[in-house]
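Visitor: after the sequence you'll find the predicted model.
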Amino acid sequence: HGLNVNVLNNKGLTALMAACGKGYIDTARALIELGADVNFKGNMSKTALIGASFAGRAELVRLLISSGAKVRAETSDGKTSLLVGSQQGHLDVVRVLLKSGAEVGTKDHFGRTALMEATYLGHTDIVRLLIEHGADVNLTDKKKGNALIFASMQGHVETVNTVLSKTADVNAKDYADQTA
């Protein structure tokens, strides 16, 4: 055809990225068959997998991974598919990513992990799943915040109890010298 399926629109998205963000699996499948690069990086180095993870599209996440998408790809600020899926509260996406080799301890440029994002936002089911896959509840970000501090400062009682059940350091202090 001579058509470049990897061209970016004015928002920095390829056709595949746009289809994945909207949940159009048949369109995404067709674009992949036409040669769309599943690892192409658009605006802020986002990939189709990161976009699908952000949007909560577990079926598309599976398709992209089975088509060669890199599970550990990062945006320009260090965010992975696992981190954005966890942040957005997409349990099914997080399950798929973990089964596909996503690293639970990867930090973004602020030093935040998927666990920290999930605790801050009170996504307790994701917190449990990440801990089951080895997430360290005592890791800290660049401001010395940890999972317990993030859950506590947002008042997420169930999440706090989940983190505490995994031997969180209740005396850890953040940059302002505050504990949970």
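Guide: Sure, I can see it. Residues are numbered from 1 along each chain as shown.
Visitor: how near is L91 to S53?
Guide: 12 Å (Cβ to Cβ, to the nearest Å). C-beta coordinates here come from the backbone N, C-alpha and C atoms, glycine included.
Visitor: any weak-confidence spans in the chain?
Guide: In the predicted model, the chain carries pLDDT under 70 at residues 1, 167-172, 175, 179-180.
Visitor: strands of that one, start to end?
Guide: Assigned by DSSP state E, the chain shows no strands.
Visitor: for it, which segments count as helices?
Guide: Using DSSP state H, the helices assigned to the chain run over residues 15-22, 25-33, 48-55, 58-66, 81-88, 91-99, 114-120, 124-132, 147-153, 157-164.
Visitor: that older thread, who has more neighbours out of L91 and S53?
Guide: S53 (32 against 17; other Cβ atoms under 10 Å).
Visitor: residues contacting that one?
Guide: V61, S81, L82, V84, G85, Q88, H90, V93, L97 (Cβ atoms under 8 Å, 6 or more residues apart in numbering).
Visitor: nearest to F110, of the residues you listed?
Guide: V84 (13.5 Å; Cβ to Cβ).
Visitor: wait, that closest one sits on A52?
Guide: No: in this structure V84 lies outside contact range of A52 using Cβ atoms under 8 Å: 9.7 Å.
Visitor: between the two, which one's more packed in?
Guide: The residue with more neighbours, out of V84 and A52, is A52; 34 against 25, by other Cβ under 10 Å.
Visitor: correct me, but that one touches L64?
Guide: Yes: counting by Cβ under 8 Å, A52 does reach L64; the two are 6.1 Å apart.
Visitor: give the residues shared as contacts by those two.
Guide: C20.
Visitor: so what's the closest residue to A36 other than its chain neighbours up against?
Guide: The shortest distance from A36 to any non-neighbouring residue, by Cβ to Cβ, 6 or more residues apart in numbering, is to L16 (4.1 Å). Counting by Cβ under 8 Å, 6+ apart, L16 makes contact with V5, N6, A28, L31, I32, A36, D37, V38, F40, A48.
Visitor: how about 7 Å then?
Guide: By Cβ atoms under 7 Å, 6 or more residues apart in numbering, L16 lies in contact with A28, L31, I32, A36, V38, A48.
Visitor: in a markdown table: the residues you listed, plus distance to G68 and neighbour count.
Guide: Below are those laid out as a markdown table (distance: Cβ to Cβ, whole Å; neighbours: other Cβ atoms under 10 Å):
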| residue | distance to G68 | neighbour count |
| --- | --- | --- |
| A28 | 13 | 28 |
| L31 | 14 | 23 |
| I32 | 9 | 21 |
| A36 | 11 | 21 |
| V38 | 6 | 23 |
| A48 | 11 | 35 |
